[in-house]
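Asker: Make a model of this:
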Amino acid sequence: MNRRRAPRRISHSQRRGAPAGGEWRQRSQEQWRGQEKPQVRAVEEEVRPGQQGKENVPRGICQSMCPARELQERESQNRLHRFEILAGTARDRHPRADALRAVKEYSRPAAGKDATNPTDLRPPAVLLKTVCYLIDDVAASPCLHPWTEVYSFVFDRLRGVKQDMIIQRVSGSNCVAILERTVRFLIYASYRLCGEPLRLYDPRINDTHLQENLSWLLDCYASETGPHPNQEDFQALGLLYNLGSTRAMQHIIELPERLRSTPAITLALSINQAFLERNPVRVLRFAKSLNFLQSCALHRHLVSCRRDLLLIYSHGYSSRNCRFPLDRLSQLLALDASLTARLCQAYGVEVTQENQVVFSKAAFTEPEQGKLHCTLYHNIVAEKQKDLTIENIIHG
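Answerer: Take a look at the predicted model:
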């Protein structure tokens, strides 16, 4: 008796050679060089099979920051951002677009949508001009506020720039210049918008895009010949931002000796080593030698460093009769006396009226979620900005 074998059921995760569950989770968490970039793959899938060859890569011919078709479409649908509206028409039923201020928005890849139309793609030179406009005339503008809205606009338009770059497989000096400015903007935003409500600024989304752009930039440094005068700075920024990361450390170790021994990378390595050794005193001492943007990259680790310092001292100086000068603790934490006392209070460390700190390992407690505001303790970063403008910070 012949029995037909039932067709084998293939789960969705097994299609197209997808990795098993554990391997997939491991890949999805990779955020450094050598990772697969989901957004890059999603856009590249839009390129038709016949266009996969190098000679068939689409080349943009749009010479404006926003293609005419999109500009007309968004104008008719009332989808213009207020930063793109022609002056004097904002209160009209259908505000008109200012062609000199409108910028192509990010558009998610969709089935049946042709993302490779040359008239909708901007060539590398126009993309760089667009990025410079976003920095000089939007991000750095004293007239546009609040900055959370400025960030949201620039962030979306930079994603659109990246999308055009991926479709055209942009490389070379223009690619590096765009990525360098994008990374600086995202690092600066991670500091400036720290503590903002989640509906206005999501640090995880910012971190994801920062890691992707940084990874792409470091790959450009590794694969392209030619002078890269800012490479030392961005290699150091990558390590400072990913402090304690094994992958980031391995990447730095594999750099040529002449690059690894430069001052910026040497300092970043020293801070990373102190961080791995859980020596917050050395981390904070070295942090005083960083420039403003490097401090912005490091700032997200400052809370844990100061917490570790108070915990270590709460065990090392735990005694009823022991008193530690508040001024000395302020110097170690790189804070003024009032903020040091406030930080001690948040962790259950007693400060007497005589400005003496009483450490106790039994009294040390973790602050309640949301009670410790990182922005209050930004002085080690803020004091380095001085007269630097946003243009200076992002253009380098």
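Asker: residues touching Ile271, list them.
Answerer: Contact analysis of Ile271 by C-beta atoms under 8 Å, 6 or more residues apart in numbering lists Leu240, Leu243, Arg282, Val283, Phe286, Ala287, Leu298. Where C-beta positions appear, they are placed from N, C-alpha and C, glycine not excepted.
Asker: List the ones among those that fall in strands.
Answerer: Judged by DSSP state E, strands contain none of the contacts of Ile271.
Asker: In CSV: those residues, plus pLDDT.
Answerer: Output for these, formatted as CSV (pLDDT from 0 to 100):
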residue, pLDDT
Leu240, 98
Leu243, 97
Arg282, 97
Val283, 97
Phe286, 97
Ala287, 96
Leu298, 97
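Asker: Rebuild these as TSV, extending it with distance to Val358 and neighbour count.
Answerer: Shown next, in TSV, are the contacts of Ile271 (distance: C-beta to C-beta, whole Å; neighbours: other C-beta atoms under 10 Å):
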residue	distance to Val358	neighbour count
Leu240	34	27
Leu243	31	21
Arg282	25	16
Val283	25	27
Phe286	29	19
Ala287	27	22
Leu298	30	27
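Asker: List the ones among the residues you listed that fall in helices.
Answerer: Taking DSSP state H, the ones among these that sit in helices are Leu240, Arg282, Val283, Phe286, Ala287, Leu298.
Asker: Out of the residues you listed, name the two that are farthest from one another.
Answerer: Farthest pair in the ones in helices among the contacts of Ile271 (C-beta to C-beta) is Leu240 and Arg282. Separation: 14.4 Å.
Asker: Give the rounded mean pLDDT of stretch 324-337.
Answerer: Averaged across stretch 324-337, pLDDT comes to 96.
Asker: pLDDT value on Gln369, please?
Answerer: We have a pLDDT of 80 for Gln369.
Asker: hey, where'd the strands end up in the stretch 201-350 of the chain?
Answerer: With DSSP state E, counting those that start in this stretch as the criterion, the stretch 201-350 of the chain has strands at 324-325, 350-351.
Asker: For stretch 260-267, buried residues please.
Answerer: Thr262, Ala264, Ile265, Leu267 (16 or more other C-beta atoms under 10 Å).
Asker: Touching, the first one and Glu232? I think so.
Answerer: Yes. The pair Thr262 and Glu232 qualifies as a contact (C-beta atoms under 8 Å) at a distance of 4.5 Å.
Asker: Tell me where the model's unsure across this protein.
Answerer: 1-55, 111-112 (pLDDT under 70).
Asker: Tabulate the strands of the stretch 201-350 of the chain (a markdown table), appending mean neighbour count and distance to Met165.
Answerer: Shown next, in a markdown table, are the strands of the stretch 201-350 of the chain (neighbours: other C-beta atoms under 10 Å; distance: least, C-beta to C-beta, whole Å):
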| stretch | mean neighbour count | distance to Met165 |
| --- | --- | --- |
| strand 324-325 | 14 | 54 |
| strand 350-351 | 16 | 53 |
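Asker: Rebuild those as JSON lines, extending it with distance to Cys305.
Answerer: Shown next, in JSON lines, are the strands of the stretch 201-350 of the chain (distance: least, C-beta to C-beta, whole Å):
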{"stretch": "strand 324-325", "distance to Cys305": "18"}
{"stretch": "strand 350-351", "distance to Cys305": "20"}
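Asker: For Pro227, find the nearest of these.
Answerer: Proximity to Pro227 (C-beta to C-beta) singles out strand 324-325 among the strands of the stretch 201-350 of the chain, at 50.5 Å.
Asker: now for the closest one, which elements pack on it?
Answerer: With contacts defined as 3 or more C-beta pairs under 8 Å, 6 or more residues apart in numbering; DSSP states H and E, the packing partners of strand 324-325 are strand 356-358.
Asker: what separates the nearest residue to Leu290 once chain neighbours are set aside from Leu267, distance-wise?
Answerer: Leaving out its chain neighbours, the residue that sits closest to Leu290 by C-beta to C-beta, 6 or more residues apart in numbering is Leu298, at 6.4 Å. Applying C-beta to C-beta, to the nearest Å, the value for Leu298 to Leu267 is 11 Å.
Asker: so what sits against both of the two?
Answerer: With C-beta under 8 Å, 6+ apart, Leu298 and Leu267 have common neighbours Leu290.
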